[in-house]
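Enquirer: Return a 3D structure for these sequence lines:
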Amino acid sequence: MQEKDLKEKEICDCEEAEEKAEAVVEEETKEDTKKEDKKASKFSKKKKIEELEEEIIKLKEEVAASKNAYFKAYADAENLKKRLQAEADNVRKYRIQSFAVEVLPIIDNLERALNVKSDDESLKNYVKGFEMIYQQLIATLEKEGVKEIEALNKPFDPNVHQALMQESVEGVESGIVVEVLQKGYMLKDRVLRATLVKVSE
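Expert: Residues are numbered from 1 along each chain as shown. So this is what the prediction gives:
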């Protein structure tokens with residue numbers, strides 16, 4: 001009996017040792033699994049962080065591109081606004097240009113009529129009336145920025161004068177306007193009609 005008890009005890013001891021060994025193996029397996037899980041978790045977190053950093057870089061690039069596009073569009077809009085404003089200013093500034101060009105021959109004819117000398121008293125009254133009309137017309141044009149180009153006894157300027165003749169004049173240096181053949185006019189800073197002149201040689 002004792003032998004049987006001894007065998008049973010040995011079997012029990014063996015089973016107990018086996019259980020302990022299994023428990024130790026299981027414990028070690030759990031620890032290894034935890035370590036692997038930690039490693040996997042660290043790897044997963046690191047990968048997630050890298051993905052998020054890449055996403056942030058992409059978003060920053062998109063924001064920068066959007067800002068650039070916005071500023072370019074804004075600058076284009078401002079430039080267009082300035083150009084349209086300049087064009088509108090020019091239209092206002094020179095609105096009477098074509099009208100003024102059409103009126104210049106009428107002024108020329110009025111000046112010719114006023115330069116005719118006559119002793120006839122009845123004509124003198126008409127001349128006074130024409131002179132008043134002429135002065136009103138000139139005053140109205142001046143109010144709109146149309147003015148006569150000064151030329152007589154001035155140096156010849158090809159920007160505003162057109163030389164039709166040259167003549168040697170004693171006591172006058174070369175390149176001076178000695179006679180105005182037809183008056184010229186400016187509209188603000190634009191030449192409506194160049195002055196036709198005779199220039200000294």
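
Enquirer: how about the strands of this structure, start to end?
Expert: Taking DSSP state E, the strands of the chain run over residues 146-148, 161-167, 177-182, 185-187, 190-193, 195-200.

Enquirer: Given the second one, what are its sheet partners and their directions?
Expert: This points to strand 161-167. Strand 161-167 sits in its sheet next to strand 195-200 (parallel), going by DSSP bridges.

Enquirer: show me the contacts for the residue nearest the centre of the chain.
Expert: When Cα atoms, centre = their mean is applied to the chain, the residue found nearest the centroid is N79 (2.1 Å). By Cβ atoms under 8 Å, 6 or more residues apart in numbering, no residues touch N79. Where C-beta positions appear, they are placed from N, C-alpha and C, glycine not excepted.

Enquirer: Now render the strands of the chain as JSON lines, adding mean pLDDT.
Expert: As requested, the strands of the chain are exported to JSON lines (pLDDT from 0 to 100):
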{"stretch": "strand 146-148", "mean pLDDT": "93"}
{"stretch": "strand 161-167", "mean pLDDT": "92"}
{"stretch": "strand 177-182", "mean pLDDT": "93"}
{"stretch": "strand 185-187", "mean pLDDT": "93"}
{"stretch": "strand 190-193", "mean pLDDT": "92"}
{"stretch": "strand 195-200", "mean pLDDT": "94"}
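
Enquirer: Now tabulate those in JSON lines and tack on distance to R83.
Expert: Putting the strands of the chain into JSON lines (distance: least, Cβ to Cβ, whole Å) gives the following:
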{"stretch": "strand 146-148", "distance to R83": "27"}
{"stretch": "strand 161-167", "distance to R83": "33"}
{"stretch": "strand 177-182", "distance to R83": "37"}
{"stretch": "strand 185-187", "distance to R83": "22"}
{"stretch": "strand 190-193", "distance to R83": "19"}
{"stretch": "strand 195-200", "distance to R83": "33"}
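
Enquirer: Please name whichever of those strands is nearest to A113.
Expert: Judged by Cβ to Cβ, the one of the strands of the chain that comes nearest to A113 is strand 177-182, at 15.5 Å.

Enquirer: Let's see the closest one as PDB, backbone CA atoms only.
Expert: Below are the C-alpha coordinates for strand 177-182, written out as PDB (Å, rounded to 0.1, in the frame of the first residue of the first chain):
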ATOM      1  CA  VAL A 177       8.700 130.500 -84.500                       C
ATOM      2  CA  VAL A 178       8.400 133.800 -86.400                       C
ATOM      3  CA  GLU A 179       4.800 133.500 -87.700                       C
ATOM      4  CA  VAL A 180       1.700 131.400 -86.800                       C
ATOM      5  CA  LEU A 181      -0.100 130.300 -89.900                       C
ATOM      6  CA  GLN A 182      -2.900 128.400 -88.000                       C
END
